[in-house]
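A.B. asks: Model the structure of this input:
(one chain, ligands or ions: 1)
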Amino acid sequence: MRRKLAAGNWKMNGTGHDLSELAALARAHPDPACDILICPPATLLHRAGETTADTAIAIGAQECHAEESGAHTGDISAQMILDAGARHVILGHSERRQNHGESDEDVRAKARTAMSAGLTTIICVGETLAERDAANTLDIIGGQLSGSVPDTATGENLVIAYEPIWAIGTGRVPDPAQIGEVHGFIRSRLERRFGAGVGRSVRLLYGGSVKPDNAADIFAVPDVDGALVGGASLKAADFSPIITALEASG
Ligand code: PGA
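C.D. replies: Predicted structure coming up:
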């Protein structure tokens, strides 16, 4: 049985002032029926961990380097993330792939390092609108999966987030059949590569314009085990009803 996961990606948003949103979220969900994760910017990891200590909210990073240490100005390592108190990391987000030229190979190397350090990795995949219009969605997702997910993946250290690039921050959301098709495809690919046991235990999140008013419909789709939420994770008042919808999805 996969435990559902509501994950928030704050992206480049949030300063110390916004930790009050985390505290409010923790108060609203003292004993949730799903996992709750917030990935604030790196500057807030440690304080976010302190704010959520002894609560049901876990903290994750948005990125980490493939090497353990070294001359990489501005980067952070898996050990630094762990040292800051976080246990999760998002990797291969489309904004990293696009803005920083990260390839599947880069994502795979980062994931391998993060997994061996003991972090749970949320690896993002997703197609552009042009790729969907050209009926290439499953080919693209299949290629990203085989290229980005390392052989060391397990049901504990891997989460996959399906995030169509055209749905991120746009208010546009695929219809349930489109989400179901991709999630079913990802599940079958994972089962084929890692065997049924591991393949069935990896959680699959949908991401891209998840909001309080569309969350229940998305969570009703088979093989959707939760969401990776950007804009609507910044305020407890927005993220809380999404968590409640996920809990209610059973
Ligand atoms: P959004 O972002 O919810 O603001 O569309 C999702 C994401 O990029 O993870």
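A.B. asks: Show the pLDDT at Leu145.
C.D. replies: Here the pLDDT value assigned to Leu145 is 98.
A.B. asks: How about the contacts made by it?
C.D. replies: Neighbouring residues of Leu145 by Cβ atoms under 8 Å, 6 or more residues apart in numbering: 125, 160, 186, 189-190. Every C-beta, even on glycine, is put in place using the N, C-alpha and C of the backbone.
A.B. asks: Try it again at 7 Å.
C.D. replies: If you count contacts by Cβ atoms under 7 Å, 6 or more residues apart in numbering, Leu145 has them with 125, 186, 189.
A.B. asks: how about the last one, secondary structure?
C.D. replies: It stands for Arg189. With DSSP: H, G, I helix; E, B strand; the rest coil as the basis, Arg189 sits in helix.
A.B. asks: just to revisit the earlier point, compare the contacts of Leu145 and tell me which is most surrounded.
C.D. replies: Highest neighbour count within the contacts of Leu145: Val125, with 25 neighbours (other Cβ atoms under 10 Å).
A.B. asks: Measure how buried the residue of the chain found nearest the ligand is and give me the count.
C.D. replies: Nearest residue of the chain to the ligand: Gly230, at 2.3 Å (Cβ to the nearest ligand atom). Residues contacting Gly230 under the criterion other Cβ under 10 Å number 22.
A.B. asks: again with Ala135
C.D. replies: Neighbours of Ala135 (other Cβ under 10 Å): 8.
A.B. asks: Grab the nearest non-local neighbour of Arg203.
C.D. replies: Asp225 (4.1 Å; Cβ to Cβ, 6 or more residues apart in numbering).
A.B. asks: residues from this protein in reach of the ligand?
C.D. replies: 9, 163, 168-169, 207-210, 228-232 (Cβ under 6 Å from any ligand atom).
A.B. asks: Quick check: the two most widely separated of those residues?
C.D. replies: The span of the residues of the chain next to the ligand, defined through Cβ to Cβ, is set by Glu163 and Ala232 at 13.8 Å.
A.B. asks: quick one: which of these two has more around it?
C.D. replies: Glu163 (26 against 20).
A.B. asks: Next, the contact list for the residue of the chain most remote from its centre, please.
C.D. replies: Largest separation from the mean C-alpha position in the chain: Ala71, at 27.8 Å (Cα atoms, centre = their mean). Going by Cβ under 7 Å, 6+ apart, Ala71 touches no other residue.
A.B. asks: can you give me the strands in the chain?
C.D. replies: 5-9, 35-39, 57-61, 88-91, 120-125, 158-162, 203-207, 226-229 (DSSP state E).
A.B. asks: Can you tell me how far Ala134 is from Leu19?
C.D. replies: The gap separating Ala134 from Leu19 is 44 Å, by Cβ to Cβ, to the nearest Å.
A.B. asks: Thr113 too?
C.D. replies: With distances taken as Cβ to Cβ, Thr113 is found 28 Å from Leu19.
A.B. asks: which one of the two has more residues nearby?
C.D. replies: Comparing Thr113 with Leu19 by neighbour count (other Cβ under 10 Å), the higher total belongs to Thr113, at 22 against 17.
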